[in-house]
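A.B. asks: got a structure for you, letters missing:
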């Protein structure tokens, strides 16, 4: 039990004194960047899915 208490004390000290937290504007900029990147990646996945689906439809229609 003493090890757990010691761990919690050390964790608290590290989180309050050693960690550099981002400012509110840095946090907002990072959130916007993640949002834009997620939107771009989702559009790329959508385009690949539609392309593969259309290619398979063409193949199936030419065979049948």
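C.D. replies: Cool, the structure landed. Worth saying up front: this structure is predicted, and the values here are computed from it rather than measured.
A.B. asks: how many neighbours does residue 33 have?
C.D. replies: Neighbour count of residue 33, defined by other Cβ atoms under 10 Å: 10. All C-beta atoms are positioned from the backbone trio N, CA, C, and that covers glycine.
A.B. asks: er, residue 49 actually
C.D. replies: Residue 49, neighbours per other Cβ under 10 Å, totals 10.
A.B. asks: do you know the pLDDT at it?
C.D. replies: Residue 49 carries a pLDDT score of 98 in this model.
A.B. asks: ditto for residue 6
C.D. replies: The predicted local confidence for residue 6 is 94.
A.B. asks: in which helix or strand does it reside?
C.D. replies: Taking DSSP states H and E as the definition, residue 6 sits inside helix 2-13.
A.B. asks: packing partners of the helix or strand following that helix?
C.D. replies: The element immediately downstream of helix 2-13 (helix or strand, assigned by DSSP H and E) is helix 24-63. Judged by 3 or more Cβ pairs under 8 Å, 6 or more residues apart in numbering; DSSP states H and E, helix 24-63 has no packing partners among the helices and strands.
A.B. asks: from the chain's centre, how far out does helix 24-63 sit?
C.D. replies: Centre-to-centre, helix 24-63 and its host chain are 14 Å apart (Cα atoms, centre = their mean, to the nearest Å).
A.B. asks: one step back: residues of the helix holding residue 6 that come out buried?
C.D. replies: Buried residues in helix 2-13, counted by 16 or more other Cβ atoms under 10 Å: none are found.
A.B. asks: how far out from the middle of the chain is it?
C.D. replies: The answer for helix 2-13 is 30 Å, by Cα atoms, centre = their mean.
A.B. asks: what about residue 58, neighbour count?
C.D. replies: Residue 58 has 10 neighbouring residues, counting by other Cβ under 10 Å.
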